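A.B. asks: Next comes the sequence, and after it the predicted model I'd like to discuss.
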Amino acid sequence: MNRFRWNHLQSWQLLATALAPWFLILAAIGLLNAIGLGWLVQGVGWLLFLLIVTPVVLLGVGFWWLRRNLITGPCPACGQPVMVLRGLESACPHCGAPLNAGGQTVQRQSPPGTIDVQAVEVGRRELRDSELRDSERRDR
Ligand SMILES: [Zn+2]
């Protein structure tokens with residue numbers, strides 16, 4: 001005979017053993033309600049509810065905040081992908097360049113006294129025209 005083959009009686013016994021604590025809890029709740037301590041049961045229920053719901057809500061708010069404040073993009077100095085928190089100074093883990101978040105992009109943090117300029121590409125013809133204008137101005 002196979003030792004591990006259960007008959008119906010054994011399965012019912014196992015099920016009863018597994019469910020016994022739950023029936024005990026239900027019986028205790030019914031008893032507390034019957035003797036007028038239903039508020040205690042409700043209080044414990046609310047406490048359990050808050051213990052479960054609070055971490056879920058906090059996690060949701062945390063992820064929402066991270067999605068709003070975590071800026072990802074290429075490092076302006078070395079081009080490697082980096083993540084920067086908005087409002088927090090950090091450094092590139094690849095090249096060590098000081099970084100911060102500017103709007104929706106990762107920006108290199110310039111040392112104090114640095115003047116940021118925007119480079120504009122100028123065609124040869126425009127450059128020659130402006131030189132001509134300058135020389136005409138000087139001649140007058
Ligand atoms: Zn870098």
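C.D. replies: Nice, I can see it.

A.B. asks: Give me the buried positions along the helix or strand harbouring V44.
C.D. replies: Using DSSP states H and E, V44 falls within helix 38-69. Residues of helix 38-69 classed as buried: none (neighbour count, 16 or more other Cβ atoms under 10 Å). All C-beta spots, glycine's among them, are computed from the backbone N, C-alpha and C.

A.B. asks: which stretches of the chain form strands?
C.D. replies: 70-74, 81-85, 90-91, 98-102, 105-108 (DSSP state E).

A.B. asks: Return the helix or strand in this structure with minimum mean pLDDT.
C.D. replies: helix 124-139 (a mean of 81; mean pLDDT, DSSP states H and E).

A.B. asks: quick revisit: can you redo the strands of the chain as JSON lines with mean pLDDT, distance to E136 and mean neighbour count?
C.D. replies: Converted to JSON lines, the strands of the chain look like this (pLDDT from 0 to 100; distance: least, Cβ to Cβ, whole Å; neighbours: other Cβ atoms under 10 Å):
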{"stretch": "strand 70-74", "mean pLDDT": "92", "distance to E136": "45", "mean neighbour count": "14"}
{"stretch": "strand 81-85", "mean pLDDT": "93", "distance to E136": "50", "mean neighbour count": "17"}
{"stretch": "strand 90-91", "mean pLDDT": "91", "distance to E136": "51", "mean neighbour count": "15"}
{"stretch": "strand 98-102", "mean pLDDT": "87", "distance to E136": "42", "mean neighbour count": "18"}
{"stretch": "strand 105-108", "mean pLDDT": "88", "distance to E136": "41", "mean neighbour count": "16"}
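
A.B. asks: Any idea what P98 is bridged to?
C.D. replies: A91 (DSSP bridges).

A.B. asks: pretty sure it is touching V106, no?
C.D. replies: No - between P98 and V106 there is no contact under Cβ atoms under 8 Å: 11.2 Å.

A.B. asks: circling back: which strands and helices lie in contact with the helix holding V44?
C.D. replies: helix 8-34 (3 or more Cβ pairs under 8 Å, 6 or more residues apart in numbering; DSSP states H and E).
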